[in-house]
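>>> heads up, no residue letters with this:
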């Protein structure tokens with residue numbers, strides 16, 4: 001009888017320790033991630049790659065709920081002038097169409113794996129003006145992160161894939 005209680009007690013202790021070691025989504029997401037892909041999908045099913053087939057980017061999540069994101073095409077158009085404030089309209093359009101950056105705060109609902117983000121600023125001010133934006137986490141492992149932005153201002157869903165950044 002004592003052996004049965006001992007076995008039950010050990011089983012509960014081991015399962016309790018395993019549960020205690022499981023990390024929350026917020027614990028897992030903290031750190032730096034490099035961009036793998038960005039795929040856009042319109043309501044009619046049409047897909048695209050807004051930053052091309054080999055996008056560049058990084059997203060960094062802090063443990064106190066802040067984040068910063070930068071995404072771009074592999075090649076951003078260069079400005080002929082030595083002063084970025086003197087870009088031609090065509091150069092400026094090319095840069096705007098090739099990149100986005102923003103930062104703010106985030107909270108993850110552990111039960112739904114939905115991340116709510118509030119942008120403090122963005123290179124696309126229209127996006128920063130939208131409060132409590134949602135990102136649905138579709139995959140989160142120690143070295144892989146995927147999430148969807150279910151509705152952008154222009155009516156598309158953005159699906160982004162990231163890999164854990166490694167130290168140089």
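Nice, I can see it. What you see is a predicted model; the values in this text were computed from it and never measured. Numbers count the residues shown, from 1 in each chain.
>>> how about stretch 142-153: buried residues?
Residues 145, 146, 147, 148, 149, 152 are the ones in stretch 142-153 that count as buried (16 or more other C-beta atoms under 10 Å). Glycine gets a C-beta too; all of them are placed from N, C-alpha and C.
>>> Please enumerate residues in contact with that stretch?
28-29, 33, 115, 126-127, 130, 133-140, 157-164 (C-beta atoms under 8 Å, 6 or more residues apart in numbering).
>>> and it, how far from the chain's centre?
In terms of C-alpha atoms, centre = their mean, to the nearest Å, the centre of stretch 142-153 is set 5 Å apart from its chain centre.
>>> what's the neighbour count on the nearest residue to residue 123 once chain neighbours are set aside?
Leaving aside its sequence neighbours, residue 123 sits nearest to residue 101 (C-beta to C-beta, 6 or more residues apart in numbering; 4.9 Å). Other residues lying near residue 101 total 15 when counted by other C-beta atoms under 10 Å.
>>> per-residue confidence at residue 101?
According to the prediction, residue 101 has pLDDT 98.
>>> just residue 151 next, same as before
With respect to pLDDT, residue 151 has a value of 78.
>>> residue ranges for the helices of this structure, please.
All helices of the chain, identified by DSSP state H, fall at 2-21, 25-29, 89-98, 125-128.
>>> Distance of the residue nearest to residue 123 relative to residue 27?
Distance from residue 101 to residue 27, counting by C-beta to C-beta, to the nearest Å: 26 Å.
>>> Please apply the same query to residue 106.
With distances taken as C-beta to C-beta, residue 106 is found 13 Å from residue 27.
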